[in-house]
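In: Fold the following, please.
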Amino acid sequence: MLQYIKSIKKIDAQSFTVDCLFNNEDFARRIPVGKLITQFQSTPQIKELMQPQVFSEVTLDSYGTLVWSNGIDFCPDVLYGLSEPIEVDRQ
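Out: I've put the predicted structure just below:
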């Protein structure tokens, strides 16, 4: 089954994580995007995401993946594979 993100619940630009709801689960998952940033930081656009202000501007596109205004996006299946389930406030 292909994964996609239904919604962003929280963005933490200090720890470079994003809490999201995926299409196949009713609970949130935390994505440690910082791992991808570190792995691919030789790419100038990805290195820009190391700036908390830039990182915090992440949005969700119509395909259900995280995107930034500089054109960077990551495959939702990869993000799901990195993520871990978390408890979130459902208010």
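
In: quick one: terminal-to-terminal distance for stretch 38-53?
Out: By Cα to Cα, to the nearest Å, the extent of stretch 38-53 from end to end equals 17 Å.

In: same question, stretch 6-19
Out: 11 Å.

In: go on, stretch 22-41?
Out: 26 Å.

In: And for stretch 52-61?
Out: 20 Å.

In: centre of the chain versus it, how much separation?
Out: 9 Å (Cα atoms, centre = their mean, to the nearest Å).

In: Show me what counts as buried in that stretch.
Out: For stretch 52-61, burial by neighbour count (16 or more other Cβ atoms under 10 Å) applies to 54-55, 58, 60. Every residue, glycine included, has its C-beta placed from N, CA and C.

In: ok, now stretch 6-26?
Out: 8-9, 11, 13, 16-22.

In: Tell me the one among the buried residues of stretch 52-61 nearest to residue 66.
Out: residue 58 (5.1 Å; Cβ to Cβ).
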